[in-house]
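J.: the amino acid sequence is not available; the structure is as follows:
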């Protein structure tokens, strides 16, 4: 399919912003303007009350701190109709290379047109807990992508599987064949590709070494996933996170894929025999246990993979002990935890999805995040944003279920829809600012490249012999040295040299610039704070005179290439900050 950039821009504008276009850059014609008004009036000017409000409201709480409802019945149809007319007009009047697409045919299989209304509510259940509900109304039942995560509700399995003390519990039904159904619905409405076979034909092709067609594999990718994880109160684990070694609580987890045991039957024989794997088989159950060498960072784990052929299950766990705890009927379950009992009040026990995050999880997460931020040299105050966000969080328990006329989600948590939006609005600007910090090194490198191109001759110009130099302002030499340091950083991934003498002779031809001359003629080395890079924060001091002058002032050179005189108190504060960043 070929799309011109200008045509695609017109297309997006017509579909997303309701801008009437005949061709890009043309003024709207009068008929087009009337068409926009008609579509807007049809969407936003419904005089009669919504016929779906009662059906949505019965799934929500009224009288709480948040209540929202929107009727979108037929709106997508109107937008598609308008977009179709806009595309046809552009193609017919300008001859633009726009395929003759049927927008309704492309969108209908997604199932989004079947959504007629949506609603959400939040009501307080205690001083620090809320019940949040959301309902998506589909009078004729969920279709298309809406069925990707289930169609009919059934009893939740995680409640009888997750062991007591679990910090994360997730259960999710999945129907990946919904993607095939959507693709088959969309395919006939796509422009034909030269030489491409029909989708049905491609799906019937056999996958090498599997003995099944693509269609058969997709049809079997249906089932339920159960995940349970528990963090240790005592054991720790050191893991690499973004180049830094961060200590986190040790953990156990089990992932139980029900309905996918057949995958092992197809790929299990490829797992090598012997070596670190021990294989046992009994009563149709195959157990693979991996022995982790002792005295290693991950020696606490003994990974185990179970293929339960009679029940079509595939289970992965960190240890046999935690795997056993996750089996139904073994030991106490999460339903005996006081924190879960408090959060699960009023939640249904049937559905297509379930999730639980323990109240203590925020403290665990906060410690890990702040540790990683500290090692990254995060800007001062960044951890306060983490504390602010985590302070408003608590445990969460939620259930989503398909009903005859929609999808209903109910969740108990420490935040309402209202406070969640408020926190996001407050945190986003600060988070965006902190996120910009991650690009600082790249921006600085670009700046260094520009400065280096303009000041290439600056260092070379100072190559004359300097023996017997007269006493002069040390800031002149500092500017020369800082420029040389920036050139060094350009070729060393933003890093400054370990010592100033490393600048000679590639970046600095006059080594005497590294010396500071006292009034009595004695020369001594400048103070250099090593271990920093162009990504250092707060414009730290990099260079300083070894002693204050007669006015108790020191000359210092900073990251941005400037110099200044500061008091002794300010110097020691700046020195401490530079040393802390370099560690």
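T.: Now that the structure is in, tell me what you want to look at. Since this is a predicted model, take the numbers as computed values, not measurements.
J.: A helix includes residue 475, no?
T.: Yes: membership of residue 475 in a helix is supported by DSSP: H, G, I helix; E, B strand; the rest coil.
J.: how near is it to residue 517?
T.: 13 Å (C-beta to C-beta, to the nearest Å). Where C-beta positions appear, they are placed from N, C-alpha and C, glycine not excepted.
J.: now do residue 58
T.: 86 Å.
J.: looking at these two, which one has more neighbours?
T.: For the pair residue 58 and residue 517, the greater number of neighbours falls to residue 517 (17 against 10), based on other C-beta atoms under 10 Å.
J.: the more buried one touches residue 526, doesn't it?
T.: No: judged on C-beta atoms under 8 Å, residue 517 makes no contact with residue 526 at a distance of 10.8 Å.
J.: just for the stretch 1-150 of the chain, where's the confidence low?
T.: Scanning the stretch 1-150 of the chain with the threshold set as pLDDT under 70 gives 1-48.
J.: all strands for the stretch 201-350 of the chain, in order.
T.: Ranges of strands within the stretch 201-350 of the chain are 206-207, 212-213, 222-241, 244-258, 277-282, 285-290, 304-308, 313-317, 350-351, based on DSSP state E, counting those that start in this stretch.
J.: to residue 126, which of the ones you listed lies closest?
T.: strand 350-351 (23.3 Å; C-beta to C-beta).
J.: now do the closest one: distance to the chain's middle.
T.: With C-alpha atoms, centre = their mean, to the nearest Å as the basis, strand 350-351 stands 28 Å off its chain's centre.
J.: what does that strand rub up against?
T.: 153-156, 399-401 (C-beta atoms under 8 Å, 6 or more residues apart in numbering).
J.: dump the residues you listed to JSON lines, plus distance to residue 131 and pLDDT.
T.: Output for the contacts of strand 350-351, formatted as JSON lines (distance: C-beta to C-beta, whole Å; pLDDT from 0 to 100):
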{"residue": "153", "distance to residue 131": "19", "pLDDT": "92"}
{"residue": "154", "distance to residue 131": "23", "pLDDT": "93"}
{"residue": "155", "distance to residue 131": "21", "pLDDT": "95"}
{"residue": "156", "distance to residue 131": "18", "pLDDT": "95"}
{"residue": "399", "distance to residue 131": "12", "pLDDT": "96"}
{"residue": "400", "distance to residue 131": "14", "pLDDT": "96"}
{"residue": "401", "distance to residue 131": "15", "pLDDT": "95"}
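J.: buried subset of these?
T.: 153, 156, 399-401 (16 or more other C-beta atoms under 10 Å).
J.: out of those residues, name the ones that lie in helices.
T.: Among the buried ones among the contacts of strand 350-351, none falls in helices (DSSP state H).
J.: reformat these as JSON lines; add distance to residue 536.
T.: Output for the buried ones among the contacts of strand 350-351, formatted as JSON lines (distance: C-beta to C-beta, whole Å):
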{"residue": "153", "distance to residue 536": "55"}
{"residue": "156", "distance to residue 536": "51"}
{"residue": "399", "distance to residue 536": "48"}
{"residue": "400", "distance to residue 536": "46"}
{"residue": "401", "distance to residue 536": "52"}
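J.: domain assignment for the chain?
T.: 5-113, 148-176+221-403, 440-582 (automatic domain parsing).
J.: and the ones you listed, which one averages the lowest pLDDT?
T.: Here the lowest mean pLDDT among the domains of the chain goes to domain 5-113, at a mean of 72.
J.: give the pairing partners of the one helix or strand residue 516 maps to; include direction for each.
T.: If you go by DSSP states H and E, residue 516 is part of strand 515-517. Take DSSP bridges as the rule and strand 515-517 pairs in its sheet with strand 523-525 (antiparallel).
J.: okay, now the residue nearest to residue 187 when sequence neighbours are not counted: neighbour count?
T.: In space, and not counting its chain neighbours, residue 187 is closest to residue 199: 4.3 Å by C-beta to C-beta, 6 or more residues apart in numbering. The tally of other residues near residue 199 (other C-beta under 10 Å) stands at 17.
J.: find me the pLDDT at residue 199, would you?
T.: 87.
J.: next one: the helix or strand where residue 564 lies to chain centre, how far?
T.: Element membership of residue 564 [criterion: DSSP H and E] is strand 563-567. Strand 563-567 has its C-alpha centroid displaced from the chain centroid by 43 Å (C-alpha atoms, centre = their mean).
J.: alright, I will stop here.
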